[in-house]
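Colleague: sequence and predicted model, in that order:
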Amino acid sequence: MDEHLLEVKNLKVSFKIGKKKLTAVDDVTFSLDRGKVIGIVGESGCGKSTLGKAILRLHEVTDGQIFFHGQDITHLTEKQMRPFREKIQIIFQDSTSSLNPRMKVKDIITEPLVINRIRPKRGTYREEAAFQMKYVGLDESFLDKYPGELSGGQRQRVAIARAVIMEPELLIADEPIASLDVSIQAQIVNLFRHLQEEHGFTFLFIAHDLSMVEYLCDRVGVMYHGKLVEVGLTEDVFAQPKHSYTKRLMEAVPLPEPGRKEERRA
């Protein structure tokens, strides 16, 4: 049997705030196989974004272990983490702050290649940027624009293009649709689904919108006060939630038709 692409074991992330210690991620364990999508859901402040950033080692781990391809990356130095950062990319929620406003789109997209001294497959950096733009549904006319000239959905597509240009084995999407209009949210989630189904990307999808998680994810993990209180196949968790907090989350989901709740729970 193939090893898990990602394994998180008893992970704990704490921060010191003044004289107090805040535990944002508390004894979290789960795994993710190649080509699959796991959704991590929960209310704001539950620790799900901290979990995603800790996996990429953007936050230091207090306790527990993170394995990528079976290799323990929990306490690697920045230099040792560099090859793993090429294989694990993150897409942040706020594209406005995550994209350099002084850089043109073509330079933003190809920046990871430049930093890692990787030659573009398609000849020039501009040609590579154009290909990636088409990949996420934008044409070449955007290449010489600045982020401030783009809509929120367009900026998020640029952020996705910047992440996938590295051909990562794992994409961490940290609430990538939360700040977008509903119609644009659906477009971005459909793009994620295309990347997963057609190109085999593996996703850790952090969100609070359960309908999007139900549509996109193979498995779902529910976080509450830093703990992963429930994890399982998406269809099982949505059909028969076991934890009381999961049940409350499901009950809070707006339903388009009066009878749909009973149908889904049947």
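Modeller: The structure has been received and is ready for your questions. This one's a predicted model, so the numbers in the text were calculated from it and none came from an experiment.
Colleague: from here on, just use CA atoms for contacts and neighbour counts.
Modeller: OK.
Colleague: buried stuff in the helix or strand in which Asp236 is found?
Modeller: Taking DSSP states H and E as the criterion, Asp236 maps to helix 234-239. Neighbour-count burial for helix 234-239, counted by 16 or more other Cα atoms under 10 Å, picks out 234-235, 237-238.
Colleague: average pLDDT across it?
Modeller: Throughout helix 234-239, pLDDT has a mean value of 94.
Colleague: the strands in the stretch 101-250 of the chain, which residues?
Modeller: Assignment of strands within the stretch 101-250 of the chain using DSSP state E, counting those that start in this stretch yields the ranges 170-174, 203-207, 219-224, 227-233.
Colleague: so in that sheet, which strands flank the last one, and in what orientation?
Modeller: Listed by DSSP bridges, the sheet partners of strand 227-233 and their directions read strand 219-224 (antiparallel).
Colleague: show me what Phe15 bridges to in the sheet.
Modeller: Beta-bridge partners recorded for Phe15 (DSSP bridges): Leu22.
Colleague: mind showing which ranges of the chain have poor pLDDT?
Modeller: Residue ranges of the chain with pLDDT under 70: 1-2, 253-266.
Colleague: can you give me the helices for the protein?
Modeller: For the chain, applying DSSP state H gives helices covering 48-55, 78-87, 95-98, 105-115, 125-135, 152-164, 182-199, 210-216, 234-239, 244-251, 260-265.
Colleague: go through these and pick out the most buried.
Modeller: Of all those, helix 152-164 carries the top mean neighbour count, a mean of 24, counting by mean count of other Cα atoms under 10 Å.
Colleague: contacts for it next, please.
Modeller: Here helix 152-164 makes contact (Cα atoms under 8 Å, 6 or more residues apart in numbering) with 89-92, 95-96, 98-99, 105, 108-112, 132-133, 135-138, 147, 171, 176, 179-180, 184-185, 188.
Colleague: can you check stretch 205-213 too?
Modeller: With Cα under 8 Å, 6+ apart, stretch 205-213 has contacts from 37-44, 48-49, 52, 172-176, 178, 189, 217, 220, 250, 253.
Colleague: got it, and stretch 214-229?
Modeller: Identification of contacts with stretch 214-229 by Cα under 8 Å, 6+ apart yields 23-29, 36-43, 45-48, 189, 192-193, 205, 213, 230-235, 237-238, 243, 245-246.
Colleague: measure the closest residue to Glu140 other than its chain neighbours to Lys9 for me?
Modeller: Excluding its sequence neighbours, the residue lying closest to Glu140 (Cα to Cα, 6 or more residues apart in numbering) is Ala130, at 5.5 Å. Distance of Ala130 to Lys9, given as Cα to Cα, to the nearest Å: 40 Å.
Colleague: and if you look at Met166?
Modeller: Distance, Met166 to Lys9, by Cα to Cα: 27 Å.
Colleague: so for these two, which residue has more residues nearby?
Modeller: Legend: neighbour count by other Cα atoms under 10 Å for Met166 and Lys9, higher for Met166 (19 against 16).
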